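K.L.:
Quick one: sequence and predicted model below, then my questions.
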Amino acid sequence: MQTRITNTIEHAIDLLNQNEVVAIPTETVYGLAANAYNSDALVKIFEVKNRPTFNPLIVHTYSLEKSFDFVKEWDSELLKLAEVFCPGPITFLLPKKEIIPYLVTAGSEYVAVRIPNHSITLELLKNIEYPLAAPSANPFGYVSPTSAEHVYHNLKGKIPLILDGGPCSIGLESTIVGIENEEIVVYRLGGITLEDMEKVVGKIHQVKVSSSKPQAPGMLIQHYAPKKKLIVTNDLEKYLQLYSFDKLGIIDFEENRTDKPVIHLSTQKSLTEAAQNLFQVLRQIETWNVDYVVIEWLPEIGLGKAINDRIQRAASEIINF
Ligand code: TXA
Ligand code: MG
């Protein structure tokens, strides 16, 4: 199969209407999209990604009003967040209508709903009759794509079209929220920070994400791993003193002085910039001629929490002092 790259929606509309999968840009990461109402189309997403079907998919639409096509009702607290942050990098777990196949929700009565903040994709969604189910457009277990080139590199020959909307402005996946016992629960930290949400709905007590910055040193289960060993530490300076003879590379948060290969997540200690760069950097280090790469946790504030969560998932070992 030839994979084409385009920045206009016409060809994407045709393919989606034929129940094909198309890669689409969003402000968070690129998605691998198909008709959320059609099981034949949905199966192709799982095949292309090599993703187990017990892992549910986020459904993308263009407005809160339109979401009522497939959502039974909006909880009032979640609606407050949606009114402030949509379109944007936030996803809501809501009771689904029958029209959503269980293949989308992995058997759950709740569907994940997101209104992405990207002009091309919003235009695409307005020009089709159905919402789009879309996981991140990476092979299962690998780093998420933040550009059309990333998608091409990973999925060329497997999908017919990539809609190119430029580099992703946020660079981290959406924050996922839901309701349990009338309280807001955060299931994934992402583009909208806890602090931002708390300004709208008050203190959020339930954050059910695996600790974004584990204290204990040790080996980690890798989830979104680059093909290069990554070690994370709480003291880069000390690490470099202790292991100065290792053939290692460095990912740092600001300009650093060293004779080793080094790449900066940000040049001005900006968490926004670090988020934009992280996945690109994790791909870049794979080309380095080093035994492994070391990175330091970022500050646990704002986007730093979500970035540390992704660092933890990409790393194979923690060395904290
Ligand atoms: O930013 C994003 O959210 C990107 C873009 C493409 O929209 N999408 C994305 O999808 O990150 P994915 O499939 O890589 O991650 C979706 C997460 C999964 O961890 C999944 O378990 C959770 O959302 N999820 C989806 N539907 C769910 C449901 N019905 N119940 C519980 N969790 C759900
Ligand atoms: Mg993903």
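P.N.:
Received the coordinates, thanks. Ligands and ions are numbered 1, 2, ... in the order given.
K.L.:
in terms of contact, does residue 263 touch residue 282 like I think?
P.N.:
No - taking Cβ atoms under 8 Å as the definition, residue 263 is not a contact partner of residue 282, at 10.0 Å. Using the backbone N, CA and C atoms, a C-beta is placed for each residue, glycine as well.
K.L.:
Looking at those two, which is more packed in?
P.N.:
The residue with more neighbours, out of residue 263 and residue 282, is residue 282; 25 against 17, by other Cβ atoms under 10 Å.
K.L.:
show me what contacts the more buried one?
P.N.:
By Cβ atoms under 8 Å, 6 or more residues apart in numbering, residue 282 lies in contact with 143, 226, 230, 314.
K.L.:
quick one: it is in a strand?
P.N.:
No - secondary structure of residue 282 (DSSP: H, G, I helix; E, B strand; the rest coil): helix, not part of a strand.
K.L.:
Need the per-residue pLDDT for the residue nearest to residue 282 when sequence neighbours are not counted.
P.N.:
For residue 282, ignoring the flanking residues on the chain, the nearest one in space by Cβ to Cβ, 6 or more residues apart in numbering is residue 226 at 4.4 Å. You'll see residue 226 listed with a pLDDT of 90.
K.L.:
List the residues that contact residue 226.
P.N.:
Per Cβ under 8 Å, 6+ apart, neighbours of residue 226: 142-143, 282-283, 285-286, 314.
K.L.:
Let me know the closest of the residues you listed to residue 292.
P.N.:
residue 285 (9.2 Å; Cβ to Cβ).
K.L.:
hmm, which helix or strand of the chain has the shakiest average pLDDT?
P.N.:
Lowest on mean pLDDT, DSSP states H and E among the helices and strands of the chain sits strand 218-219, with a mean of 63.
K.L.:
May I have the predicted confidence score for the residue of the chain positioned farthest from its centre?
P.N.:
When each C-alpha in the chain is compared with the mean C-alpha position (Cα atoms, centre = their mean), residue 245 comes out farthest, at 35.3 Å. pLDDT, residue 245: 93.
K.L.:
Strands - which of the contacts of residue 282 land there?
P.N.:
Secondary structure assignment by DSSP state E places residue 230 of these in strands.
K.L.:
would you list the contacts of residue 282 in TSV and tack on distance to residue 41?
P.N.:
Converted to TSV, these look like this (distance: Cβ to Cβ, whole Å):
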residue	distance to residue 41
143	25
226	30
230	35
314	30
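K.L.:
What is the nearest of the contacts of residue 282 to ligand 1?
P.N.:
Using Cβ to the nearest ligand atom, residue 143 is the member of these that lies nearest ligand 1, at 11.3 Å.
K.L.:
Torsion angles phi and psi at that closest one?
P.N.:
With angles defined as degrees, to the nearest 10, residue 143 sits at phi -60, psi 140.
K.L.:
wait, it sits on residue 314?
P.N.:
Yes - using Cβ under 8 Å, residue 143 makes contact with residue 314 at a distance of 6.9 Å.
K.L.:
Overlap of the contact sets of these two?
P.N.:
224-226, 282.
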